[in-house]
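In: Whatever this is, show me its structure:
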Amino acid sequence: MDYPLCRARARDRQIARARHLRKLSQQVVGFVQALREQDFYKSPGVAETIDWATALTELDARSLTPQVVGDTLGALLKYQDDIARMQGDPLQKILKEATSEN
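Out: Next up, the predicted model:
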């Protein structure tokens with residue numbers, strides 16, 4: 001009798017993970033698109049975006065937060081000057097735009 005209940009729990013976990021990943025992926029795309037509008041020495045490309053999304057997933061990030069983005073920004077921006085430019089208010093502004101519900 002436990003089998004259907006276990007299947008239901010597993011399915012619930014799959015649904016929750018899919019929704020979580022969908023929300024995170026929307027935020028990642030919004031954030032990267034906003035970064036690409038900035039004047040960086042090297043804007044993040046597709047490879048950097050995939051690497052960053054993979055890192056966020058491995059870190060079990062539920063959404064983009066200032067802490068998570070700050071800790072992983074090096075996966076997106078390859079030059080220290082570009083990373084330094086994104087600290088503080090610029091990061092907060094882009095993050096707010098990327099995570100706002102439309």
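In: Just want the most central residue of this structure.
Out: Geometric centre of the chain, nearest residue: V28, 3.9 Å, by C-alpha atoms, centre = their mean.
In: what residues are up against E97?
Out: Contacts for E97 (C-beta atoms under 8 Å, 6 or more residues apart in numbering) come out as G30, A34. C-betas here are computed from N, CA, C, even on glycine.
In: For it, report the pLDDT, please.
Out: pLDDT for E97: 86.
In: What's the separation between it and G30?
Out: 7 Å (C-beta to C-beta, to the nearest Å).
In: Next: S100.
Out: Where G30 is concerned, S100 sits at a distance of 8 Å (C-beta to C-beta).
In: who's more crowded, these two?
Out: G30 (18 against 9; other C-beta atoms under 10 Å).
In: Was I right to think that one contacts L95?
Out: No. The pair G30 and L95 fails to qualify as a contact (C-beta atoms under 8 Å) at a distance of 9.4 Å.
In: mind listing the helices for the protein?
Out: With helices called from DSSP state H, the chain shows them at 2-36, 46-58, 66-72, 80-85, 89-99.
In: before we move on, the earlier item: could you verify my assumption that the residue nearest to the centre of the chain touches D51?
Out: No. With contact defined as C-beta under 8 Å, V28 does not count as touching D51 (11.1 Å).
In: ok, how many other residues are close to G45?
Out: By other C-beta under 10 Å, the residues close to G45 number 13.
In: oh sorry, the question was meant for I94
Out: Residues near I94, counting by other C-beta under 10 Å: 21.
In: how far away is the closest residue to L21 other than its chain neighbours from V68?
Out: Closest residue to L21 apart from its sequence neighbours, by C-beta to C-beta, 6 or more residues apart in numbering: T57 at 7.2 Å. T57 sits 11 Å away from V68, going by C-beta to C-beta.
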